[in-house]
Every structure is written in C-alpha cells, then in structure tokens.
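Asks: Generate coordinates for the sequence data below:
(one chain, ligands or ions: 1)
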Amino acid sequence: MSEKIQRVKGVNDILPVEASRWQYLETVVSQVMARFAYGEIRPPIFEKTELFARSVGEDTDIVSKEMYSFQDMSGTSLTLRPELTAGVVRSYIQNNLQQISPVQKLWYEGPMFRQERPQKGRYRQFWQLGAEAIGSPNPEQDVEIIALFHAILQELGIADSVSLKINSVGDSESRQSYRTALQDFLRPHLNELSETSQHRFETNPLRILDSKAPNDREIIKDAPKIRDCLNASSVDHYEQVLQMLTEMNIPFVQDDLLVRGLDYYTHTIFEFTSDALGAQDAICGGGRYNDLVKELGGNDVPAIGWASGIERLLLVVDALKPAESSSTMDLFLVVQAEELRAHAPGIIQKWRMAGLRCDFDTLKRSMKAQLREANRQRARFAAILGNDEYSQGVVQLKNFETGEQSAIAFDRVVETINNYR
Ligand code: AMP
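Replies: Residues are numbered from 1 along each chain as shown. As a prediction, the model looks like this:
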C-alpha cells in the first residue's frame, strides 16, 4: 500500500458533520450584516508581501515570524494573507470605493494563515470573519461596528459568556507622547526586561504592555497609563464611545494594558474574550486605524474594523449550545427489485428538483442494507419500490417516526411528505 499523506500541521479538515455548524454561523452572520448595511467583499487569498510589511508592521509577531511567504515565478514575494484588513484597504484604494459612497461598510469571511505554534483554538490556517467601516472619523461609527459584533453574539446565543475590553491609544500625537512617557518609565528597568521587550523598547514600546513574561508584567503594572497621555480630542472621542456603549446596554470593561498586536491602530481598540475557552480566549479584536488608508497610498480616510476567529466562535457555541441531532434527510428510496434499479436515478431526480432532501443506493445493496442506510442517514421516510408498486405507479411510503406505511402515487409523494413538515 502507498504511504498515506497526512495534513499539514496546524490545519483542519472541516468534515460534513461540522460544516453544518459553519453553515448555521454563516447564515446568522450574513443576516446580521445585511441588517447593519454591510456588504460582503472577497479579496484574494494572497497579496504582495510588501502590503503586510507596510500595514501590519515589520516588528509585529505576524510579519517578523509567522507569514507564509514565497516567491512566484517572476521573483515577486507573495504572502498568504495573515489577516484581511490590509487586503480590504488595498482593494478599497485600488477600486476607488470611496467614489461609490463616503462611508464603505464591508464584511468578509475566509481562511487566514499564520505560522504560529498550534494548540486548541490556535491554528496555522484559521478562518476569520471581519468587518471594516471606512470613511467616518466619528465615535458613532466606532460604536456601530462594536454593536455589530455584539449583535452576532446575541443571535448566536453566546453574548452572556463574552466580555468586551476596551481602551484608547489616541491619535498619533497622543501615542507619541505616551511612547516617550513609557520609555522614560521603562529606561531604568531596561536590563530587567525580557529579551523581546528590550528589542521592542526602541521599535515598538507599546507592545511591551502586551508581554506575557512574568517579570515584564511585574514592571509594567506600575507603568504610566495611556489614558493619562491622551490629548483633549482623543479623550473626547473615547468618552463619547463609552457613553454611547453604556446607553446601548453593551457591557464593557476598560483595560489600560490593552494595546493589541498590530501597528496600525489609533483611538479606540477593543477585544472580546470568552470564559468558555482556555488559554486562547480572544474571539474578536479590532480598532480604529485612521492612518492606514493614507499609508497604503490612498487618501486621508479614517477607518475602523474588527476580526473574529470562526473556529473559536464555534467552540463557544458548542460549549454553550451542544449540537441538536435533527434529521436532515426527508426520504430514502429503497429499491426492492433488481430490474428497477435503473429507474432510481430518474425518480430521485424528480423529487430532488421538487425540493425534497433525498437519497438512494448506488451500491446495488439488499433491501435490508438499504433500510439500514436510510436509518443511518436519519431519513424521516422510506419510499419502497417493488415490481407491483412500479406497475401501479406507487411507492410504499414508510414513516419512520410513526411506523405507518401506505401506498402513495409517484406524483403525490412530494406533497405527502411536505404535509408532514
Ligand atoms: P488578530 O487578527 O490577531 O487580531 O486576531 C483576531 C481574531 O482572530 C482573534 O481574536 C482570534 O479569535 C482569531 N485568531 C487569531 N489568530 C488565530 C489562530 N492562529 N488560530 C485561530 N484563531 C485565531
């Protein structure tokens, strides 16, 4: 026997039993997105590497060590997208979406790729669902996009097990003054910091607040708060966001240490976490990115967005609402006589085109085995076809729930089954 090929480490097969859960989530999501007037966008899976280096940031974990990059035949460096905000913004600029309307509200869903250490809830190919609102600088937009994710959680029935952490990193002036204040505070402790944090001291000191190293955390807990360095307009923006969230009854906690891993954030940043998950408890992260469109060559257009991990959302849904085993099959055609088998595809085709979910046997199995298969697929009915039935233009319709069986004309099968729904 040939050697079996295994799947790549850190990626998943989504099998049919799980796919129905995905479809449920996708249906909920697309309905909520439509209610909030967000349109779907489907950018490509790979982009020029440069796009991520310039947007996500050279010094982030993603760009410095997690990207799947390769050269194509022309020698251009390409990367499987590790996130999609950069791709959406690239597409927004390239397709002049600004001309269509001053605020573009977009959502997406699809696989992302990061070479992280796999564990429960952390994969190398994982799916993200995300939303971006490009064009409005105002706090109403921040609140709307947060409320959008909250609505999805509510529709999925998991809002109560999720908490929202929020912070503001202010505009670039505020960030600059905080950066200086933080460096002044950390300088005397520089030698005690972890190696990564020492490196970030110059390149990206805010990320030190994100450090998980116990000693770093001990030092950081007395660090100045970013809130104290926000200028008046940044404070005003942030306070309006908090006020509107309160008014909308969306619970939140302010988290002074929340900085998030990507470079492009300004003003409001937020994260949703769930206590139904283990170590990888973040189910959604996002924030405002007022400078990104300009930095990627577009106009000076403000924006805000979030991204959520679908596998993690489903882990929470599964933990709170175990899958119900409902029947997805209406009818199984059981062919009793050998010479009738050739009619089966034609009969089942008619039923399928009339909207029934039905199946039949293509292995030429015995009647007993066909009934067993109907049972395995949890069909609600079996339509048994023997020579007598065929000559009279009927099937024996067996209702598995009640055990009843009666002869039904071919052209009344669909109607009969629909009456039982
Ligand atoms: P980020 O783009 O890092 O802000 O991540 C946004 C969301 O995507 C997180 O809150 C997670 O729910 C999810 N996520 C990020 N990385 C992974 C991963 N490696 N595996 C599974 N989900 C992930």
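Asks: Could you show which parts of the stretch 151-300 of the chain are in contact with the ligand?
Replies: Proximity of the stretch 151-300 of the chain to the ligand (Cβ under 6 Å from any ligand atom) is limited to residues Gly261, Ala282, Ile283, Cys284, Gly285. All C-beta atoms are positioned from the backbone trio N, CA, C, and that covers glycine.
Asks: Can you tell me which of these are buried?
Replies: A residue is treated as buried here by neighbour count (16 or more other Cβ atoms under 10 Å); on that basis the buried members of these are Ala282, Ile283, Cys284, Gly285.
Asks: just these now: which is nearest Ser194?
Replies: Ala282 (21.2 Å; Cβ to Cβ).
Asks: one step back: and the buried ones among the residues of the stretch 151-300 of the chain next to the ligand as JSON lines, adding pLDDT and secondary structure?
Replies: Shown next, in JSON lines, are these (pLDDT from 0 to 100; DSSP: H, G, I helix; E, B strand; the rest coil):
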{"residue": "Ala282", "pLDDT": "93", "secondary structure": "strand"}
{"residue": "Ile283", "pLDDT": "96", "secondary structure": "strand"}
{"residue": "Cys284", "pLDDT": "97", "secondary structure": "strand"}
{"residue": "Gly285", "pLDDT": "96", "secondary structure": "strand"}
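Asks: hang on, the earlier thing: which of the residues of the stretch 151-300 of the chain next to the ligand sit farthest apart?
Replies: For these, the farthest-apart pair by Cβ to Cβ is Gly261 and Ile283; their separation is 15.2 Å.
Asks: what are the ranges of the helices in the stretch 201-350 of the chain?
Replies: For the stretch 201-350 of the chain, helices defined by DSSP state H, counting those that start in this stretch occupy the ranges 214-220, 232-247, 292-295, 310-320, 344-353.
Asks: For Gly287, give the beta-bridge partners.
Replies: Here Gly287 sits in beta bridges with Ile269, Gly305, as judged by DSSP bridges.
Asks: Regarding the chain, what is its longest helix?
Replies: When every helix of the chain is counted residue by residue (DSSP state H), the longest turns out to be helix 16-35.
Asks: So for it, what gets flagged as buried?
Replies: By neighbour count, and taking 16+ other Cβ under 10 Å as the criterion, the buried residues in helix 16-35 are Arg21, Leu25, Val28, Val29, Val32, Met33.
Asks: Stretch 38-45 too?
Replies: Taking 16+ other Cβ under 10 Å as the neighbour-count basis, stretch 38-45 is seen to contain the buried residues Tyr38, Ile41, Pro43.
Asks: Nearest to the ligand among those?
Replies: Taking Cβ to the nearest ligand atom as the measure, the ligand lies nearest Pro43 of the buried residues of stretch 38-45, at 15.0 Å.
Asks: quick one: what helix or strand has that closest one in it?
Replies: Here Pro43 sits in a region with no helix or strand, counting by DSSP states H and E.
Asks: Report the contact partners of it.
Replies: If a contact means Cβ atoms under 8 Å, 6 or more residues apart in numbering, then Pro43 has Arg81, Leu84, Gly87, Val88, Arg90, Ser91, Tyr108 as its contacts.
Asks: mind giving me a markdown table with those and columns for secondary structure and distance to Leu331?
Replies: Conversion of the contacts of Pro43 to a markdown table gives the following (DSSP: H, G, I helix; E, B strand; the rest coil; distance: Cβ to Cβ, whole Å):
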| residue | secondary structure | distance to Leu331 |
| --- | --- | --- |
| Arg81 | coil | 43 |
| Leu84 | coil | 41 |
| Gly87 | helix | 44 |
| Val88 | helix | 44 |
| Arg90 | helix | 49 |
| Ser91 | helix | 45 |
| Tyr108 | strand | 37 |
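Asks: Which of the buried residues of helix 16-35 sits closest to the ligand?
Replies: Distances from the ligand to the buried residues of helix 16-35, taken as Cβ to the nearest ligand atom, are shortest for Leu25 (13.2 Å).
Asks: Which pLDDT value belongs to that closest one?
Replies: If you check Leu25, the pLDDT there is 95.
Asks: show me the residues around it that make contact.
Replies: When contacts are counted by Cβ under 8 Å, 6+ apart, Leu25 is found next to Leu156, Ile310, Leu313, Leu314, Val317.
Asks: Gln154: neighbour count?
Replies: 15 (other Cβ atoms under 10 Å).
Asks: go on, Gln71?
Replies: Burial measure for Gln71: 10 neighbouring residues, criterion other Cβ under 10 Å.
Asks: ok, now how distant is Leu308 from the ligand?
Replies: No Leu there; residue 308 is Ser. When Cβ to the nearest ligand atom, to the nearest Å is applied, the distance between Ser308 and the ligand equals 6 Å.
Asks: One more: Glu18?
Replies: With the distance defined as Cβ to the nearest ligand atom, Glu18 ends up 15 Å from the ligand.
Asks: For that residue, list the residues it contacts.
Replies: With contact taken as Cβ under 8 Å, 6+ apart, Glu18 is in contact with Leu314.
Asks: coming back round to it: the inter-axis angle of the longest helix of the chain versus helix 310-320?
Replies: With axes from the mean of the first three to the mean of the last three Cα atoms, to 10 degrees applied, the angle from helix 16-35 to helix 310-320 works out at 100 degrees.
Asks: Centre of the chain to helix 16-35, how far?
Replies: Taking the mean C-alpha point of helix 16-35 and that of its whole chain, the gap between them comes to 10 Å (Cα atoms, centre = their mean, to the nearest Å).
Asks: shaky segments in this protein?
Replies: Applying pLDDT under 70 to the chain picks out residues 261-263, 322-327.
Asks: Any idea which residue of it lies closest to the ligand?
Replies: Nearest residue of the chain to the ligand: Gly309, at 2.5 Å (Cβ to the nearest ligand atom).
Asks: one step back: relative to the next helix or strand after the longest helix of the chain, what are the paired strands and their orientations?
Replies: Towards the C-terminus, the helix or strand next in line after helix 16-35, according to DSSP H and E, is strand 39-40. The partner list of strand 39-40 in its sheet, established with DSSP bridges, is strand 104-113 (parallel).
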